[in-house]
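Novice: Sequence first, then the predicted structure:
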Amino acid sequence: MSLLLRLAPDDDVAIVRREVGPGDRLSPGLAALDPIPAGHKTALRDLPSGAEVHKYGQVIGVTTRAVPAGSHLHTGNLAFVDGGAAQAGVIGQGTVMDLPAGLRRTFAGYHRADGRVGTRNSIAVLTTVNCSAGVAKAIARRTDDDVREQTGGRVDGVVALTHGTGCGMANRGPGWDLLRRTLTGYARHANIGGLVVVGLGCEINEMTGVLADLDLSPEVPLVSFTIQDAGGTRAAVAKGAGVVRDLAAALAPTQRREAGVEHLVLGLQCGGSDGWSGLTANPALGVASDLLVAAGGTSILGETPEIYGAEMLLMRRALTQEVSGDLRGRIEWWREYTASLGTTLDGNPSPGNKAGGITTILEKSLGAVAKAGHSPLSAVVGYAEQVPRPGLVFMDTPGYDPVSVTGMVAGGANVLCFTTGRGSVLGSRPAPTLKLATNAHLARTMADDIDIDCSDIVEEGTDVAEVGRRIYDRMIAVASGEPTRSEELGAGQEEIVPWQIGAVL
């Protein structure tokens, strides 16, 4: 197997499969001039200063000095270039996958009165304000395991839906709208079978307004109270624990029943990406997403700052000019937003991303969009908005993992797949999250956190489509109740982080 991976015929760089040192032979006529870690880039030809550098057949940056062939291309000699939001060109280039024989098209889920189907049947303790977060978490800790035992697993535990705001903010404007939309999306989620709403009693995000927004189906039992009315923290925790146990008893008879995969809404997320992300886990997840969309389901791609420079690939797959224009508009908003704060979208790649071989946001984005496969782009929605179904949908979210996932879950995602190359411990209850490793080292060293190892695409030459089918099959099993690694660890209570925009007053 070749030591170098060249991703497109005209690329100026290739990825090094294993760590090399100066003088090591990379290919016939090409030797390494520097130490180059596995997953990082080497120059395939001499590049003058200021030259555009191509990977995936696309520009990922420009050289900041002359770079001889065999050099390590990274932050010391490769820089971001802001080309502005792209034009779409010809739209309608998305393709619907032909479904393979034997593809499973049903899962066992919880049918709701409004026609939706949950992959979990949880009781949620929702807070109106950060001041009631401690009580909500205490209620969840006291009852989570008890409820599973009490119901024989037919209730998937208790999740505290807490957040860091709800007061000290204006009761109108974008920040207010985002918060209320997020809380409503979680409260109405198909994975929530029963709901307790806990407030402090004097916050701006008043209980009466929250309850008016919810407009829950009559089948979802709801109890609400404030800490002040309950008589303080100890009394509120005791009251909440009693309410939760009563709700669990009412939900205990609920059973899973077969449902078509058109009821699945898949959140596509990546975090802690590395140089392998765009070659293994991301494109394999793209295959799984294409299978689900072709079978009538829905996939959500988000993280707007992490598609910058690759947005044209999605815009060309838009079903209409309006959808293409909506996506371009969101990219322009982010360029202006970051500029107003004295930075650029290239501030997105983290130190961990760079240590893993990613240099610029353009390079990161080209790997990130692979999660969306090749399906047509049917819609663009705002943060935490309810996602239209079916098809591939783009949601405008920040790149920060918990904030992005929060928006997707609020928008209806009832299962998530999260690719990672550096490692992640995200859980995102009440929606189960499968974590996909991009490389064998991570899969081995963080085995307790990783559900699927996608490294055999590079290590053994396994076909991307085969790994994608593996992800799809595992996703159906998880949707039917098989626990993910994060669920086994009890993770997922801390990832509800609504996007905060606006003044803190």
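Specialist: Yes, it's here.

Novice: Low-confidence regions, this structure specifically.
Specialist: Along the chain, segments meeting pLDDT under 70 span 1, 85-86, 88.

Novice: Could you check how far residue 311 is from residue 380?
Specialist: To residue 380, residue 311 is 11 Å away according to Cβ to Cβ, to the nearest Å. (Each C-beta comes from the backbone N, C-alpha and C, glycine too.)

Novice: Okay, buried residues for the strand or helix carrying residue 26 please.
Specialist: Secondary structure from DSSP states H and E places residue 26 in strand 25-27. Using 16 or more other Cβ atoms under 10 Å as the test for burial, strand 25-27 gives residue 26.

Novice: Show me the strands paired with that strand, marking each as parallel or antiparallel.
Specialist: strand 30-31 (antiparallel) (DSSP bridges).

Novice: Please enumerate residues in contact with the next helix or strand after the strand it pairs with?
Specialist: Downstream of strand 30-31, the first helix or strand assigned by DSSP H and E is strand 41-43. With contacts defined as Cβ atoms under 8 Å, 6 or more residues apart in numbering, strand 41-43 is touched by 4, 12-16, 26, 32, 36, 55, 67-74, 275, 357, 359.

Novice: Next: stretch 227-244.
Specialist: 123, 125, 131-132, 134-136, 138-139, 142-143, 147, 158, 194, 196, 198-202, 223, 225-226.

Novice: rerun at 10 Å
Specialist: 123-125, 129, 131-132, 134-144, 146-147, 150, 155, 158, 160, 194, 196, 198-202, 207, 221, 223-226 (Cβ atoms under 10 Å, 6 or more residues apart in numbering).

Novice: quick one: it to chain centroid distance?
Specialist: Put simply, stretch 227-244 sits 34 Å off its chain's centre (Cα atoms, centre = their mean, to the nearest Å).

Novice: For that stretch, list the C-alpha coordinates in CSV.
Specialist: Output of stretch 227-244 as CSV, limited to C-alpha atoms (Å, rounded to 0.1, in the frame of the first residue of the first chain):
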residue,chain,number,x,y,z
ILE,A,227,-38.4,26.4,43.6
GLN,A,228,-39.7,29.5,45.5
ASP,A,229,-43.3,28.0,45.6
ALA,A,230,-42.0,24.6,46.6
GLY,A,231,-40.2,26.0,49.6
GLY,A,232,-36.5,26.0,48.5
THR,A,233,-34.0,23.6,47.1
ARG,A,234,-34.5,20.5,49.3
ALA,A,235,-38.2,20.7,49.0
ALA,A,236,-38.1,21.2,45.3
VAL,A,237,-35.8,18.2,44.7
ALA,A,238,-38.1,16.0,46.8
LYS,A,239,-41.2,17.3,45.0
GLY,A,240,-39.6,16.7,41.6
ALA,A,241,-38.4,13.2,42.4
GLY,A,242,-41.9,12.2,43.5
VAL,A,243,-43.4,13.7,40.3
VAL,A,244,-40.8,11.8,38.1
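
Novice: ok, and for that stretch, which residues are buried?
Specialist: 227, 230, 236-237, 239-241, 243-244.

Novice: So which of those belong to helices?
Specialist: Per DSSP state H, helices hold the following members of those: 227, 230, 236-237, 239-241, 243-244.

Novice: gap between residue 206 and residue 180?
Specialist: 11 Å.

Novice: quick one: common contacting residues for the two?
Specialist: Residues touching both residue 206 and residue 180 by Cβ under 10 Å, 6+ apart: 166, 171.

Novice: ok, residue 482 - how many residues close by?
Specialist: Neighbours of residue 482 under the rule other Cβ atoms under 10 Å: 14.

Novice: check contacts around it.
Specialist: Neighbouring residues of residue 482 by Cβ under 10 Å, 6+ apart: 432, 434, 451, 474-476.

Novice: Who wins on neighbours among those?
Specialist: residue 475 (30 neighbours).

Novice: Next, give phi and psi for that residue.
Specialist: Reported as degrees, to the nearest 10, the phi and psi values for residue 475 are phi -60, psi -40.

Novice: Domains in the chain, by residue range?
Specialist: 4-79, 122-253, 261-489 (automatic domain parsing).

Novice: Which residue, other than its chain neighbours, is closest to residue 247?
Specialist: residue 194 (3.8 Å; Cβ to Cβ, 6 or more residues apart in numbering).

Novice: before we move on, back to that, as JSON lines, the ones in helices among the buried residues of stretch 227-244 with distance to residue 113 would be great.
Specialist: Listed next are those as JSON lines, based on distance: Cβ to Cβ, whole Å:
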{"residue": "227", "distance to residue 113": "31"}
{"residue": "230", "distance to residue 113": "30"}
{"residue": "236", "distance to residue 113": "30"}
{"residue": "237", "distance to residue 113": "31"}
{"residue": "239", "distance to residue 113": "28"}
{"residue": "240", "distance to residue 113": "25"}
{"residue": "241", "distance to residue 113": "27"}
{"residue": "243", "distance to residue 113": "22"}
{"residue": "244", "distance to residue 113": "22"}
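
Novice: give me the beta-bridge partners of the residue nearest to residue 247?
Specialist: Beta bridges link residue 194 to residue 123 when assigned by DSSP bridges.

Novice: Identify the residues contacting it.
Specialist: Neighbouring residues of residue 194 by Cβ under 10 Å, 6+ apart: 121-125, 147, 155, 158, 219-223, 243-244, 246-248, 250-251, 254.

Novice: Select from the residues you listed every entry located in strands.
Specialist: 122-125, 158, 222-223 (DSSP state E).

Novice: Next up, phi/psi of the residue minimising distance to the centre of the chain, please.
Specialist: The geometric centre of the chain, computed from its C-alpha atoms, lies nearest to residue 269 (Cα atoms, centre = their mean), at 2.4 Å. With angles defined as degrees, to the nearest 10, residue 269 sits at phi -140, psi 150.

Novice: ok, now how distant is it from residue 255?
Specialist: Going from residue 269 to residue 255 by Cβ to Cβ gives 30 Å.

Novice: what's near enough to touch the nearest residue to residue 91 once chain neighbours are set aside?
Specialist: Using Cβ to Cβ, 6+ apart and skipping the chain neighbours, the partner closest in space to residue 91 is residue 318 (4.8 Å). Applying Cβ under 10 Å, 6+ apart, we find residue 318 in contact with 88, 91-94, 324-328, 376-380, 392, 394.

Novice: Residue 296 versus residue 318, what's the distance?
Specialist: 20 Å.

Novice: Ok, residue 148 next?
Specialist: Taken as Cβ to Cβ, the span from residue 148 to residue 296 is 32 Å.

Novice: just residue 138 next, same as before
Specialist: Taking Cβ to Cβ, one finds residue 138 at 42 Å from residue 296.

Novice: of those two, who's got more company?
Specialist: The neighbour count for residue 138 versus residue 296, taken as other Cβ under 10 Å, is higher for residue 138 (19 against 16).

Novice: Where does that one fall, secondary structure wise?
Specialist: For residue 138, the element it lies in under DSSP H and E is helix 133-150.

Novice: For that helix, which helices and strands make contact with it?
Specialist: Contacts defined by 3 or more Cβ pairs under 10 Å, 6 or more residues apart in numbering; DSSP states H and E place helix 133-150 against strand 122-127, strand 158-161, strand 192-199, helix 227-230, helix 233-251.

Novice: These: which one's closest to residue 106?
Specialist: strand 192-199 (20.8 Å; Cβ to Cβ).

Novice: quick one on the thing from earlier: could you dump the helix holding residue 138 to CSV, C-alpha only?
Specialist: Extracted in CSV, the C-alpha atoms of helix 133-150 (Å, rounded to 0.1, in the frame of the first residue of the first chain):
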residue,chain,number,x,y,z
ALA,A,133,-30.4,24.0,36.9
GLY,A,134,-29.0,22.6,40.2
VAL,A,135,-32.4,21.3,41.3
ALA,A,136,-33.2,19.8,37.9
LYS,A,137,-29.8,17.9,37.9
ALA,A,138,-30.4,16.7,41.5
ILE,A,139,-33.8,15.4,40.5
ALA,A,140,-32.3,13.5,37.5
ARG,A,141,-29.5,12.1,39.6
ARG,A,142,-31.9,10.9,42.3
THR,A,143,-34.3,9.2,39.9
ASP,A,144,-32.4,8.2,36.7
ASP,A,145,-31.4,4.7,37.6
ASP,A,146,-34.6,4.1,39.7
VAL,A,147,-36.9,4.9,36.8
ARG,A,148,-35.2,2.4,34.5
GLU,A,149,-35.5,-0.3,37.1
GLN,A,150,-39.0,0.7,38.1
